[in-house]
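> predicted model follows, preceded by the sequence.
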Amino acid sequence: MTSSLAPQPVAPGTDLREAFRAAYENRYTWEPGFGGYAGRCVWEQGDRRIEGRFRVGADLKVVVEGVSDDEVHKAIASQLWEVAIHRVRRPFEQTHGENTFTAGDTDAVGTEVIVGGKGEGDRYRIKGNVVTMVHRHIHGTVVTIFTESVTDTGHGYLSHTYTSRYSDPATGAPRGGTSHFSDRFVPLGEGGPWVLAERRIRSEDAAGEQRFLFEDLVPLV
């Protein structure tokens with residue numbers, strides 16, 4: 001579902017449930033019946049390059065083969081799983097039915113969406129039909145993500161460049177440095193589903209950019 005909502009200032013205190021729903025439903029997700037896919041995976045950092053094979057099942061279980069380095073194996077599997085889990089389509093009411101959404105301020109990033117109810121403490125920003133900022137409490141930490149640019153699939157958007165950082169929920173103190181992501185997605189065959197073909201990660205507290213490549217992609221049947 002898409003909407004033609006235009007980015008514009010919204011009076012603080014306004015009910016933003018329908019505006020947030022439109023942005024939520026404009027995220028790209030896989031059609032029901034996703035069957036999984038497989039291909040070749042490559043990890044690069046500096047002069048290091050490691051290749052292997054991977055498979056993402058219909059159940060979203062990720063298998064990586066041919067990568068003996070445990071940290072690299074874990075990193076490849078983690079990227080594939082993280083992308084896949086965000087492609088699962090869940091109805092808005094199932095995810096946010098117990099939440100309220102109220103407008104805060106509006107800045108260059110978008111209009112602040114203050115969450116009440118079950119998700120109280122979480123915040124978002126939306127601009128048009130895109131969620132441009134996520135600030136959520138997850139497993140005892142806070143993750144804040146700013147989306148800088150998106151890929152339009154024709155069936156919803158995917159984040160292209162964005163930043164992510166973790167912080168302490170009580171003090172707001174950072175837990176590690178900010179990570180900068182650049183993702184490239186491609187349709188798997190004519191009409192999709194769209195899957196990750198390349199991810200670059202540059203972290204302030206890590207040595208050098210990591211590059212993940214996913215090639216020779218084929219659907220599982």
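Looks like it arrived, so ask away. Numbering: from 1, shown residues only.
> pLDDT below threshold where in the chain?
1-8 (pLDDT under 70).
> what are the structural domain limits within it?
With domains defined by automatic domain parsing, the chain comprises 1-30+101-176, 35-86+184-221.
> put the alpha carbons of stretch 30-39 into CSV.
The C-alpha coordinates for stretch 30-39 follow below in CSV (Å, rounded to 0.1, in the frame of the first residue of the first chain):
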residue,chain,number,x,y,z
TRP,A,30,8.1,-10.1,0.8
GLU,A,31,4.9,-11.5,-0.6
PRO,A,32,3.4,-14.4,1.4
GLY,A,33,4.8,-17.7,0.2
PHE,A,34,8.5,-16.6,0.1
GLY,A,35,10.4,-19.7,-0.8
GLY,A,36,14.0,-18.7,0.1
TYR,A,37,17.1,-18.2,-2.0
ALA,A,38,20.7,-19.1,-2.2
GLY,A,39,24.0,-17.9,-3.7
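> okay, strands next: where are they in this protein?
36-45, 48-57, 62-65, 99-106, 111-117, 123-127, 130-138, 141-152, 157-167, 179-187, 194-203, 210-219 (DSSP state E).
> other residues contacting the shortest one?
Put plainly, it is strand 62-65. Strand 62-65 has contacts (C-beta atoms under 8 Å, 6 or more residues apart in numbering) with 41, 52-57, 73, 76-77, 80-81, 84. (Each C-beta comes from the backbone N, C-alpha and C, glycine too.)
> between those residues, which sits nearest residue 204?
Nearest to residue 204 among the contacts of strand 62-65 is residue 76, at 21.8 Å by C-beta to C-beta.
> just checking, that closest one touches residue 41?
Yes: Residue 76 is in contact with residue 41 according to C-beta atoms under 8 Å; the separation is 5.2 Å.
> intersection of neighbour lists for the two?
With C-beta under 8 Å, 6+ apart as the test, residue 76 and residue 41 both reach 52, 54, 64, 67, 212.
> hey, what's the last one bridged with?
According to DSSP bridges, the partner residues bridging residue 212 are residue 43, residue 199.
> confirm for me that it is in contact with residue 184.
No: the criterion here is C-beta under 8 Å, and residue 212 misses it with residue 184 at 10.3 Å.
> overlap of the contact sets of the two?
Common neighbours of residue 212 and residue 184 (C-beta under 8 Å, 6+ apart) are 196, 198-199.
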